[in-house]
Structure formats: structure tokens, C-alpha cells
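> just need the structure, nothing else, for what follows:
(chains A and B)
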There are 2 protein chains.
Amino acid sequence: MNFEYYMPTKVVMGRDCVKKQAGLLAPLGRHALIVTGRSAEENGALDDVLSALGANGQQATVFCRVTPNPGIPCIREGIALLKSAGADFVVAIGGGSPMDAAKAIALLSVQERTDEHIFDGGYAPEALPMAHIPTTAGTGSEVTPYSVLTNDVRQTKTSLSSPALFPRVAFLDGKYMARLSPEISLNTALDALSHAMESMLSRSAIPLSDTLSEEAIELIVPLLCKAQNGSMTLEERDTMLYASTLAGMAIAQSGTTAVHGMGYALTYFHNIPHGRANALLLGETLRLCEEKKVRALPRILAACRMTLDGVTFLLDSLVGKREEIGKEELEAFAVQAAQNKNIQKSVYEPTPDEVRRIYLRSFGRDADEA
Amino acid sequence: MNFEYYMPTKVVMGRDCVKKQAGLLAPLGRHALIVTGRSAEENGALDDVLSALGANGQQATVFCRVTPNPGIPCIREGIALLKSAGADFVVAIGGGSPMDAAKAIALLSVQERTDEHIFDGGYAPEALPMAHIPTTAGTGSEVTPYSVLTNDVRQTKTSLSSPALFPRVAFLDGKYMARLSPEISLNTALDALSHAMESMLSRSAIPLSDTLSEEAIELIVPLLCKAQNGSMTLEERDTMLYASTLAGMAIAQSGTTAVHGMGYALTYFHNIPHGRANALLLGETLRLCEEKKVRALPRILAACRMTLDGVTFLLDSLVGKREEIGKEELEAFAVQAAQNKNIQKSVYEPTPDEVRRIYLRSFGRDADEA
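Numbers count the residues shown, from 1 in each chain, chains lettered A, B, ... in the order given. Reported below is the predicted structural model:
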């Protein structure tokens, strides 16, 4: 048995935990940069954070201009605002985009990098302290050491990875998801499901990440249909949020694998939401795992309490009508994705031809003729 | 869903991980106080640590006078040596006794307490940095915020608890257990089993501690007979060590409950090894849980893959002949234990009469007449 496990974030879950546990924000600093999108006002999270910071006598500056799939310009803008405001810690409110932007801002505001070296790795082990408040149940970013950003040079999404990117504290409260649309609820849930499954299919999976992933899958699968039809109760929102955090703890150890590696192109070139992009590719990926007799597959299916056909049928029903993407374009994605490091981390080692096949079959294209 | 989860220790597992990952010790300080008992020389752990520190150019002073179930005098001696040597971090090698002593030394060397206030709580959130290397697979102390010490004033064992007591890093290597006697292997395994079960029976159990406990139980139970008869392979040593760490991560969240609270008297007054003391009381405790229809019990039994009768029969067979303890003495233990905070943390809320019954029945005494 050989592994490393590390997840130092304090995770607090409960109704109104941001306000009830405001004291956990107090040691982080004097002045917070709150990094968020527009939804934080609607779901009440921004009010809760401002009230908690106020109770602690901490100042706050709001940076609410994080766009979906943020890239380097957004990070630069956040760092400039942080410095002009004199903020010394970061509070992230949102889905993956604000959380990942907040992490990059917290890291790169204390260590300078020119744009072309941002994704090079080798970061010093320091970042501004962070608190994260997820307002979707999917990304798990609140408990990972990753920040996934749009990389226009390589025309994909690329992740920064550093132990310094673990938030100090994550506050989980399903109430912020109460009014999420069925579409976002489903897409983010599919992201969490994909994290859990991909973690189990990673070369870097460890026994503990498998245990966390299995638990996440067991909790997520029975709720997917309710996410889609908009009938989740507040308690089920909590369960889904908890499961997405477990899946985040799993990928914090193992990383994601081929599905994420292939999905980024769908988001970059077709603006397909990240979780949906994964779900579109997941069924064919699991079929490849069956073909290759991947040892983790039976455990994944057992956690789903379904057969492989059952899982792929469920995914098909959930994603509905698939986007129209031409064969030539999919083949170009395959060429690019085959070099992606996430793909190389897959325990089933997909060949370039297998990557091509997953892309083509996932969009109803004939994969037999080259 | 309401919980807090925190476990910031980096856990590294693998053959020769102390030497291979010596670099993880480098940031801890210039001069280590190595806190250990005598066995660290025999099992090779001390050599590995000295070699790792040497490779980093770090100095070391060895404090090898930790006795089983250490009390305040042992802690004072360690602190004095640490200060005279000028050590600025602590490396613990051993079972629960050296690890718990090391934690108290790391905490109390940076915050003064007179003897009578050591167990009062309210510690500042600081201690010297620590690395822990377990050489038994039982205590889980390498991933908990507790230090359990003999408390002569109250004639029991009492725990110090502080987030500052989490080690920075824990190195897990089953090779240090290769020559453990069957007796110690079994007693420590029973301690780990008891941690996992008690965590699930705690009022402070959280969903994630339950998941960790279930996994620990599933791994430990099939190895208990091999621990007893001395036939564990090195891989099985690793598995048991991993399981004991999982159980430690669980009690780091939930604490232990009635079994530990009652077992301490058996150790204090009869010198019964800690894990064995727990195992002697565990069967009757589970029977009480059945009577009280405790919701966690079916999950515990499912993780054991046994009926309640099966589990109690297994425990009986493993502990063998029980110590002779008179009825009057057991009743005195019950009076004292009923006020123990661990007992109050049990989800099944044992009454003083039920505590008495567990003690008496566990030692074959008639519990019906008062």
C-alpha cells in the first residue's frame, strides 16, 4: 500500500453555517476580497458573508465580475482590485468559476507570474487565506488544491495545482441551491458524479479516495432524476452538496482523468456546460472500461446499484438531445486531447484511437472508418 | 445535515516512506526531539528517522523514556529535555504511549500549565510541529487531536484535546509491526476496532466519520484471528495499519464513547492493556445497543458481515480467559465511570445502572442483585 493523503480544509456544514460560524472567518485577515458571480446576490450567500464579516469587524470588497470558465484576464482584474483595496484574504462564493478564480487570485497575488508562465507549476507554497462557499453542488473545488482556468493559448482548460490552493475553511449550506434551475442542478450533479467515477479510474486513486468516491456515487445516483425534474427537497440539496464535497476530496487525491480531459474541448469550443460535457462522454468511457476489464468498474457499478447498461441508459436520458458536432471537428478534439495529462492519468490508458472513438460515438458518429 | 470535519495531517503510506520521503521532515525545524519507547530501536523506526533527519541536516535528541500509559511526570521530563537540547520540533515513534506523550510535550512546551490545570482545556492553538510514526496498528493517534494521559488525581486516563495536536505529517509503514508479538498485535487491533465502532455510536458521529469507520471495520474484522495467531503477512500489517488510521480519522471527528470511558479504569487499576480493556467491554456494550435499538448497530454488524452473536462470540474467543475482578470493585468502577464525559457522548445514553451491568457481565458477575 502506497499513498499520500492530504486535505487540510476545515469543512463546516449546516443551515446558516456562514452566519452561525462567522468566527471561523475572523482569523483569516482584516479585509476580504469576495470573489463571486452574479448569482451570489440572488441566493443570499453574499448577504450572509457580508453579515458574517461585519460581525467580525472585517472589511470587504466585492469582485463580482467572474465570468463562466474564467481565464487570465479575469484573474488579473481580481488581483488588481485586491491590491487596490488592500485585501489580505479571499472569500469565494459560487460554483466552480468563482471558486477557481478566487484560488488563482489568492495564489498569484502573492507570487508574480507572467501570463505565459501561469500554468507552469512550481508555485511557492503560499497563497492568501481563503474561505469557500459553494452555491452549486458539483465542482468540489472547496476541498481541492486545483484551480481550473481557461487557457486560450492551448485552447482548452488547464489546472493550476498546489497545496496552497486548499481553502482554510469551506462552508456548506444547501439553502444556497434552493432556487437553482433544474438545468444547473443536473449539470453540476453530473460533474460531481463524474469526479467520483473518474477518481476511481485514476492511476493516482488511493484506497481512501475510492471509499469517498463510492459513498459519493451512492448518494448522487438516486438524486439525479430529481435534479433534472426540479423536485429536490432542501435536505436532498444538502445531500447532493455533501456528496459533491466527498467527490472533491477524492479528486483532491487522485485528480480527474480522461472524461475531464476530453470534456474541456466541448466547453471551450461549444460552450457546453462543464458537467454536461463530462456526462456526454461518460457512458462511452465506461463502455471502454468494460472492454478493457478495468478492475474499478464493478465497484463503480455496485455503488450505482445498476448494470453498465442501466448507467448508460440513465446518462442518455438525463442529457437528452446531444449537440450536433461534426466528425471532422471531433477528430480534431481527439488529436488534441490525446496529449492531455488527465487522459494519461486514466488507469485504462486510452489509445489515441480509443479517445477518437469515445468522442465520435458520444455524438452519434460512426467511429469505424478512419 | 450538520457537521464539522477537520483532519489536516498529511498521511504518507508506503514501504520505507520515512527515508524515501525524508524531505517532508525538513520544513518542521532544525532540531528534533524524538519521543519514543524502547521498541523503536528494535523495529528499525529509530534508525530510519535518524537517517532521514541526517539526510536533511537536522539535529536530533532522543527521549526514549516514555513508559506505557504516560502521566504528567513523563511529560515534564520530555519538556525539560526538549528545552535543554534546544529542540524546535517533535518526532513521535511508537504506539499510543509515545505518540500521546509527544503531543503533550509539543503542546505544553509552548504554553505553560501547572499540573493541576493540564487537563482543563482552553489551550492556545499552537504547539511545536510534529511528525508521527506509528509502530503499532491501533491507536490512530497519528491523525487525531487528542493526547490521552494517565491522570493520577482522578485515577483514570484523561485526554487533552486541541486542533494544535494534529501532527503535520504521519508516516505509515507496516514493516515496523513485522515483529510485534501476537498479543500486542491483537490488543492494538482490538483498540482500532473499538475506535471504529465507538465512533459510530457517538453523538458526535458525522456522515464522513461513519464512512471511515465502516471501511475500517470491514478491513479489521477479517484480520483479527490472524493477529491473534501471529500469522499476519506484511501486506496484512499494512492493511491493519491503514484501517487503524481510518478509525483514528473517525474518532478525530466524533471522539470515543462508553467503551473507552469504562476501559480506562481497567487499565489504571489492573494494568490491562488498553485495547484488551476495550474488547473486554465491547460485547456487552453492543448487546445494550441492540436492546436500545440503536440505529448504528445494524450498520456496524453489516460492516462486520456478522450477526451480533457472531461478533460477541468472536470477541470472546479473541480475549480468552478474562481477568478476575471482584464485584465490589467493578461496582466502584461503574460509579466513577458514569460521570465520564466519554460515556455521556454515547448515542445510547447508558444509565448508571447500565454501566454497572456492562462492567459486571463483562467479567462474569451477576448483575441482577444490587
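> endpoints of stretch A:213-228, how far apart?
In stretch A:213-228, first residue to last residue: 22 Å (C-alpha to C-alpha, to the nearest Å).
> ditto for stretch A:172-184
18 Å.
> one more: stretch A:76-95?
20 Å.
> same deal with stretch A:124-143?
Termini of stretch A:124-143 sit 19 Å apart (C-alpha to C-alpha).
> which parts of it are buried?
Within stretch A:124-143, the residues scored as buried using 16 or more other C-beta atoms under 10 Å in any protein chain shown are A:127-143. Any C-beta I mention is one placed from the backbone N, CA and C, and that applies to glycine too.
> swap in stretch A:74-84?
A:74, A:75, A:77, A:78, A:79, A:81, A:82.
> what stretches of chain A score poorly on pLDDT?
Residues of chain A meeting the criterion pLDDT under 70: A:369-370.
> need the residues of it near chain B, please.
Proximity of chain A to chain B, by C-beta under 8 Å from any C-beta of the partner chain, involves residues A:1-8, A:10-15, A:174, A:207-208, A:211-212, A:215, A:235, A:238-239, A:242, A:246.
> for the buried ones among the residues you listed, write the corresponding ChimeraX selection.
Command for ChimeraX that selects the buried part of these, burial taken from 16+ other C-beta under 10 Å:
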select /A:1,3,4,5,6,7,8,10,11,12,13,14,174,207,208,211,212,215,238,239,242,246
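> mind checking which of the residues of chain A next to chain B land in helices?
With helices taken from DSSP state H, the overlap with the residues of chain A next to chain B comprises A:207, A:208, A:211, A:212, A:215, A:235, A:238, A:239, A:242, A:246.
> hang on, the earlier thing: of all the buried residues of stretch A:74-84, which comes closest to chain B?
Among the buried residues of stretch A:74-84, residue A:82 lies closest to chain B (C-beta to the nearest C-beta), at 25.6 Å.
> quick one: contacts for that closest one?
Applying C-beta atoms under 8 Å, 6 or more residues apart in numbering or on different chains, we find residue A:82 in contact with A:33, A:61, A:63, A:90, A:105, A:109, A:128.
> between those, identify the one with the most neighbours.
residue A:105 (31 neighbours; other C-beta atoms under 10 Å in any protein chain shown).
> which parts of the stretch 1-150 of chain A are strands?
A:3-5, A:10-13, A:31-36, A:59-63, A:89-94, A:130-134, A:146-151 (DSSP state E, counting those that start in this stretch).
> and the first one, what does it pack onto?
Under the contact criterion of 3 or more C-beta pairs under 8 Å, 6 or more residues apart in numbering or on different chains; DSSP states H and E, strand A:3-5 touches helix A:207-220, helix A:234-254, strand B:10-13.
> dump these to JSON lines, plus distance to residue B:359.
Below are those laid out as JSON lines (distance: least, C-beta to C-beta, whole Å):
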{"stretch": "helix A:207-220", "distance to residue B:359": "35"}
{"stretch": "helix A:234-254", "distance to residue B:359": "38"}
{"stretch": "strand B:10-13", "distance to residue B:359": "36"}
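> most proximal residue of the stretch 151-300 of chain A with respect to chain B?
residue A:238 (4.5 Å).
> how about the nearest residue to that residue, chain neighbours excluded?
residue A:174 (3.7 Å; C-beta to C-beta, 6 or more residues apart in numbering or on different chains).
> what's the answer for residue A:325, then?
Nearest non-adjacent residue to residue A:325 (C-beta to C-beta, 6+ apart): residue A:363, at 5.0 Å.
> what sits against that neighbour?
Applying C-beta under 8 Å, 6+ apart, we find residue A:363 in contact with A:280, A:322, A:323, A:324, A:325, A:330.
> how does it look with 7 Å?
Counting by C-beta atoms under 7 Å, 6 or more residues apart in numbering or on different chains, residue A:363 touches A:322, A:325, A:330.
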